[in-house]
Every structure is written in C-alpha cells, then in structure tokens.
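# would you be able to build a 3D model of this:
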Amino acid sequence: MSEKENKIVSTLDGILKDPLKLAGAVIGATAVLGIFAIHMHFEVLPTHGARAHLSPESALAMKGQEVYMQEGCQYCHSQNLRSLDWEVARFADADAYGYYPLPHMMEYYFEAPSMRGSERKGPDLSRLAGSMNREDLEGLLQSTKSDTLRAGHHRFGHLFQSEAGMSPLFLSWRVRMMMNARAPLSDSYQKSVFEQLDGQTRGDALVEYLLTLGRKQSEFAGKYFQ
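Numbers count the residues shown, from 1 in each chain. Have a look, this model is predicted:
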C-alpha cells in the first residue's frame, strides 16, 4: 500500500473512531448532497414544442402549496395517478385529457418540494382541476357539515376567515432562494408576490393551488392533441 493510500486509511480510521469527527463528517456530507440535489432539481430542461406552455403558476398558487403542506393534505391525497385503466377512469376525465391522462414530469417542473406521493387515503388529486371548479372547492373546504365522510374530513373554513399567515415578504424570500438555486423564475415574478397575496386568505391560496392540478395539461395537450 502506498504512502498516499496509508494516509487516506489513517484519516478515515480517525474519523470513524472519533464520534465528534464522525458527526461532523455526516453533517458535512448531508449538506453537500442536499445542495447537489437542489441544483439537480432545477437543471434547465428543454421546454419547447408541446411543453412550451408549462410556465410557473401564480405566486398565490405557490403560497397555496405551502398551505397544502401545512394542513397535511399530502398525508391523505397523492398526486401520482397510476397507469391503470380503472384508476385513470376513476380520477381523471379521459375526454378532457385525450391521450395525456397521466401526469407528466414537466407539469411539476416549477414545484418545490415535490408533492407526488404514492400512498393515499383519499382520492388522487393530480387531475382535480378537471373535475371540480372554484365554487365546488370553496364549498367543500368551508363546509360545516359532518354528516358525510367527505365533508367531515374537509372542514377548513377557518382558513378563509382572516389574512393571517399570508405575509408576502416570506414568500418573496422563498422565491429569491429558489432563484439562487437555479429555479427558472424571474425578478418580476418575485415582485408579483406582493400584489398576488394582497387581500387573500390561506383558504384562497389553497383553492388556487388545487385548481392548478392538471389544468394546463387539459387546456393544451388535452384540447389540442386529442
């Protein structure tokens, strides 16, 4: 074994035997891998042709994704429609999506973190925009009824009662950090946060986000490529 190899082995042995050095090495490796994963997520991909319409959703919808996570919606609902005929028929309107009923990775290109998931207790939401409109969603989330399973599990009327938790400054910082991590957003998008969130509630943001799930795919691929 060469002197260089002996030095490497000795260094590794010292790290493994010292708990503090081992903890520091683990933290450092985790930080490096985390930064690498963030940058990989925002690698510039081709968006020309049939995918050119996949632009960022509104800042209000981005805020709605935060509310979606904060309220734990992802623990009961997936956004990962499986390629099974009976599942597509259950959770997606085949006529609205033509040959494109299944979610495509480019639909979530601007979303971080990913909300796909593979387990569910409630329906899959990846094609929700094709089955419910704004009035339906607001009525469901603000329902005070508990006589049905659906109404009993979606009592989120409190989200529509005040503008608390809608600070545009924090979302603006988030957008800037995403841009620093190579997210394909712009300065004008960051500035739009303040106008988008003005006078809105967390419930409004959640509804806006839910209405984006599958909307663009139905408006473009489903409408023009059947």
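# use CA for all of it now, contacts and neighbours both
Noted.
# helices or strands next to the helix or strand encompassing Ser10 in the packing?
Per DSSP states H and E, Ser10 falls inside helix 3-17. Judged by 3 or more Cα pairs under 8 Å, 6 or more residues apart in numbering; DSSP states H and E, helix 3-17 is in contact with helix 19-41.
# who touches the closest residue to Ser58 other than its chain neighbours in this structure?
The spatial neighbour of Ser58 that comes closest, neighbours along the chain excluded (Cα to Cα, 6 or more residues apart in numbering), is Gln196 at 7.7 Å. Contacts for Gln196 (Cα atoms under 8 Å, 6 or more residues apart in numbering) come out as 58-60.
# narrow those to those in helices?
Within these, residues falling in helices by DSSP state H are 59-60.
# out of the contacts of Gln196, who's nearest Lys121?
Leu60 (26.8 Å; Cα to Cα).
# wait, that closest one touches Gly203, no?
No. If you go by Cα atoms under 8 Å, Leu60 and Gly203 don't touch, sitting 10.6 Å apart.
# so for those two, which sits in the more crowded spot?
Leu60 (28 against 23; other Cα atoms under 10 Å).
# who's in contact with the more buried one?
Neighbouring residues of Leu60 by Cα under 8 Å, 6+ apart: 193, 196-197, 205, 208-209.
# look up how far Tyr209 lies from it.
Separation of Leu60 from Tyr209 (Cα to Cα, to the nearest Å): 7 Å.
# Ser186 too?
Counting by Cα to Cα, the separation of Ser186 from Tyr209 is 20 Å.
# neighbour count for those two, which is higher?
More neighbours surround Tyr209 than the other of Ser186 and Tyr209, with 23 against 12 (other Cα under 10 Å).
# which residue sits closest to the more buried one, ignoring its sequence neighbours?
Nearest one to Tyr209, counting by Cα to Cα, 6+ apart, is Ala61 at 4.2 Å.
# that neighbour: how many residues sit nearby?
Ala61: 22 neighbours (other Cα under 10 Å).
# with Gln190 instead?
Close neighbours of Gln190, defined as other Cα under 10 Å, add up to 19.
# what do you get for the one 10 residues further on?
A count of neighbours around Gln200, defined by other Cα under 10 Å, yields 17.
# for it, which non-adjacent residue is closest in space?
Nearest to Gln200 is Glu163, by Cα to Cα, 6+ apart, at 6.1 Å.
# looks like that neighbour contacts Ala205 (just checking).
No. If you go by Cα under 8 Å, Glu163 and Ala205 don't touch, sitting 10.5 Å apart.
# higher neighbour count, these two?
Taking other Cα under 10 Å, Glu163 and Ala205 do not tie; Ala205 has more neighbours (27 against 16).
# buried sites along stretch 71-84?
74, 77-81 (16 or more other Cα atoms under 10 Å).
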